[in-house]
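[1] got a sequence here, can you model it:
(one chain, ligands or ions: 1)
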Amino acid sequence: MKAIIVGGGVMGLSVAWGLTRDGHDVELFEQGPLPNPLASSMDEHRLIRHPYGDQEGYARLIDDAYAAWELMWGDLGQRLYAATGTLALTGNGADWAERSAVTLATIGKSMTELPLAELPRRFPQIEGQGIERAFWMESGGVLFAQDIVTSLAGYLARQPGIRLHPHTPVRSVDLEQGRITTESGAVHAADVVVVAAGAWVNRLLPGFGQRLIPSRQTVIYFDMPADARAAWAKGPMIIEKTGDVGLYLVPPMEGRGLKIGDHEFSRTGDPMDERTASEDDIRPLLKRCRSLLRGFDRWRTDRLKVCFYTVTDDERFVVERPAARGWIMSPCSGHGFKFGALMGLELARTLASGRDAKAHARWAAGLEVPAPT
Ligand SMILES: Cc1cc2nc3c(=O)[nH]c(=O)nc-3n(C[C@H](O)[C@H](O)[C@H](O)COP(=O)(O)OP(=O)(O)OC[C@H]3O[C@@H](n4cnc5c(N)ncnc54)[C@H](O)[C@@H]3O)c2cc1C
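    Residues are numbered from 1 along each chain as shown. Sure thing, here's the model as predicted:
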């Protein structure tokens, strides 16, 4: 079988990986360099964690996601992950952590509530103002995202049966016929076309514009004194929700930066726009950091990074076959990276084996576990 893949983020590269592992032919087209610094997948890190609110399907998929990453580490010859554990903090009536714990209990996973009095002893770097409940889970950690996509692109370039086309924007796709046309007018055909175009997807498939809304997100990298950095370099990751701003903190594992972002979707912007962030973008986050993190007055903003993903109403992934020879692959809504290796392997299996497309779409949407056979 031969597949054409449009997009060289974690999703496109992972499908290519899954297909080439099984001896299939792949041509992958990327509009920019490979990997592209503008891609959603290109940031220092992305989190993987079991707590998923009420979304039991995705919580169940996390073990499979870890297994898929292990397979990838074996092929890449390096493990681009650091464990941190997951600390979920809530206040002001927010119940995401509590709901996560209930959901996890139903699938046999333990997320334990910590007495608030224990917080300062276990995590002295947290100030804890406004926190009413704290939950801890041993699992969870940081995937070194840009190193993963860089290493994977390099690995694929060395495999037989695959041709990578960086700097080759695709102008249009014909998912009925399995054809694409590049910006220069060249036409390529295959048994199947997979569009994994991230936040640019609506340019190629405008019919999905109502469902997949591009969302501009800003994250902050911090510069901090050496003692604070050393303390945070042991973890944990924090998922916090105490009111207007829900934030996540990615600890500076193995020499990477410490990053903070928020969970709110902007649902605005275009990935082709200028990506300069302003102080207005981050003011609410900084305000919350001041009351949450001990010694925050000694931290300095090192840099801001603007990134785009697509958002769906229910935050479920869209991995569907809208036409006979074509798939859209948009594991989006700001939580897709952790599932990159798994989504790639499973879509490759479905493409090669002719597994039921509708069942696959339900599985990817976190509605049906395990994967279709
Ligand atoms: C701020 C932020 C924080 C996040 N945090 C997490 C997290 O903690 N955990 C987690 O699991 N996920 C997280 N995510 C989500 C995760 O990063 C994305 O779900 C994932 O990277 C999407 O990968 P992708 O391959 O679909 O898209 P991308 O990485 O954007 O790749 C799409 C590629 O397609 C290319 N392309 C587009 N159009 C064309 C065309 N016409 N021709 C050729 N090439 C084209 C683009 O150039 C791009 O390289 C976060 C995302 C952001 C932005």
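
[2] now the single nearest residue of the stretch 51-200 of the chain relative to the ligand. Its backbone dihedrals?
    At 2.4 Å from the ligand, Gly198 is the closest residue in the stretch 51-200 of the chain, using C-beta to the nearest ligand atom. All C-beta atoms are positioned from the backbone trio N, CA, C, and that covers glycine. Gly198 adopts backbone torsions of phi 60, psi -140, taken as degrees, to the nearest 10.

[3] so it sits right up against Pro271, yeah?
    Yes - using C-beta atoms under 8 Å, Gly198 is in contact with Pro271, at 7.3 Å.

[4] mutual contacts of the two, please.
    Phe308 (C-beta atoms under 8 Å, 6 or more residues apart in numbering).

[5] the two: which has the busier surroundings?
    Legend: neighbour count by other C-beta atoms under 10 Å for Gly198 and Pro271, higher for Gly198 (29 against 23).

[6] stretch 14-32: end-to-end distance?
    Length of stretch 14-32, first residue to last, C-alpha to C-alpha, to the nearest Å: 18 Å.

[7] does any bit of it sit next to the ligand?
    Yes - contact of stretch 14-32 with the ligand (C-beta under 6 Å from any ligand atom) involves Phe29, Glu30, Gln31, Gly32.

[8] before we move on, which element is the nearest residue in space to the second one that is not next to it in sequence in?
    This points to Glu30. The shortest distance from Glu30 to any non-neighbouring residue, by C-beta to C-beta, 6 or more residues apart in numbering, is to Gly8 (3.5 Å). Using DSSP states H and E, Gly8 is not contained in any helix or strand.

[9] residues near Gly8, how many?
    Count around Gly8 with other C-beta under 10 Å applied: 31.

[10] got the residues of the stretch 101-250 of the chain near the ligand?
    Looking at the ligand, the residues of the stretch 101-250 of the chain close enough under C-beta under 6 Å from any ligand atom are Pro169, Val170, Ala196, Ala197, Gly198, Ala199, Trp200, Leu204, Gln217, Val219.

[11] how about the strands in the stretch 251-373 of the chain?
    Secondary structure of the stretch 251-373 of the chain (DSSP state E, counting those that start in this stretch): strands at 258-262, 300-311, 318-323, 326-330.

[12] compare these and give me the one nearest the ligand.
    That would be strand 300-311 among the strands of the stretch 251-373 of the chain, by C-beta to the nearest ligand atom, at 3.4 Å.

[13] what lines up beside the closest one in the sheet?
    Applying DSSP bridges to the sheet, strand 300-311 is found paired with strand 213-223 (antiparallel).

[14] so how far is the partner strand off the chain centroid?
    Centre-to-centre, strand 213-223 and its host chain are 13 Å apart (C-alpha atoms, centre = their mean, to the nearest Å).
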